[in-house]
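> A predicted structure for the sequence below; I have some questions about it.
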Amino acid sequence: MKQIDLFSIPKDQSVSKFVSIYRVSLVKDKSISFGHCRMNNSKDAQSLIQSLIKTQGQPDREQFCVILLNAKNEIIGLNIVSTGGLSSASVHPREVLKPAILANSAAMILCHNHPSNDLEPSPDDLAITKRIVQASEIIGIAVHEHIIISMDDDRYYSFADNGIIKKFYEEIG
């Protein structure tokens with residue numbers, strides 16, 4: 001296999017005199033009212049995300065959201081990561097972690113709705129949760145929970161309450 005010198009410039013190409021400089025920043029879009037700023041249980045997360053999707057999102061579509069937490073499990077932000085169709089939303093760990101990193105989150109709670117109101121996690125739900133837990137562990141942001149919520153009532157499915165989050169962390173080692 002031929003080795004390529006990445007730093008040599010062919011004689012027929014000119015060298016640019018300018019390089020772009022980027023600044024990364026977190027932008028606050030809006031605020032929503034919520035009774036308290038600490039997450040005590042999955043029910044708190046369910047009602048907050050339901051409110052977020054109803055006021056800022058599209059309740060008739062699957063939406064993947066993240067609750068950003070500081071080291072005291074106080075809410076420091078919310079982000080709708082992805083909006084999908086009736087039965088799925090495309091989610092990539094990079095997009096989930098981006099707002100968490102920018103907000104200096106210590107932890108996060110993953111959430112999404114199922115417009116069908118079938119709250120059982122799909123194989124894709126399990127797979128993306130595992131990938132996000134693995135990626136989050138590498139950069140030092142804890143995943144406390146992933147809940148699937150109904151938009152019609154207060155029902156939800158908790159990955160933590162069902163031992164799934166703990167199992168994924170145990171598999172990491």
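Thanks, I have the structure now. Numbers count the residues shown, from 1 in each chain.
> mind listing the helices for the chain?
Applying DSSP state H to the chain gives helices spanning 42-56, 93-102, 123-139, 164-172.
> can you tell me which of those helices the model trusts least?
With a mean of 89, helix 42-56 has the lowest mean pLDDT of these.
> For that one, which outside residues touch it?
Contact with helix 42-56 is made by 30, 32, 34, 36, 39, 59, 63, 65, 67, 75, 78, 80, 109, 111, 113, 145, 147, 149, 151, 154, 156, 158, 160-161, as judged by CB atoms under 8 Å, 6 or more residues apart in numbering. Backbone N, C-alpha and C define where each C-beta goes, glycine included.
> which of those residues are buried?
39, 63, 65, 67, 75, 78, 80, 109, 111, 113, 145, 147, 149, 151, 156, 158, 160 (16 or more other CB atoms under 10 Å).
> Identify the spatial nearest neighbour of residue 150, chain neighbours not counted.
In space, and not counting its chain neighbours, residue 150 is closest to residue 117: 4.9 Å by CB to CB, 6 or more residues apart in numbering.
> Now do the same contact list for the one you found.
Contact analysis of residue 117 by CB under 8 Å, 6+ apart lists 150, 151, 152, 155.
> show me where this structure has strands.
Using DSSP state E, the strands assigned to the chain run over residues 63-69, 75-83, 107-113, 142-149, 156-158.
> so which of these gets nearest residue 122?
strand 142-149 (9.1 Å; CB to CB).
> Could you report the neighbour count for the residue nearest to residue 161 when sequence neighbours are not counted?
Once flanking residues are discounted, residue 161 sits nearest to residue 42: 6.2 Å by CB to CB, 6+ apart. A total of 21 residues lie near residue 42 under the criterion other CB atoms under 10 Å.
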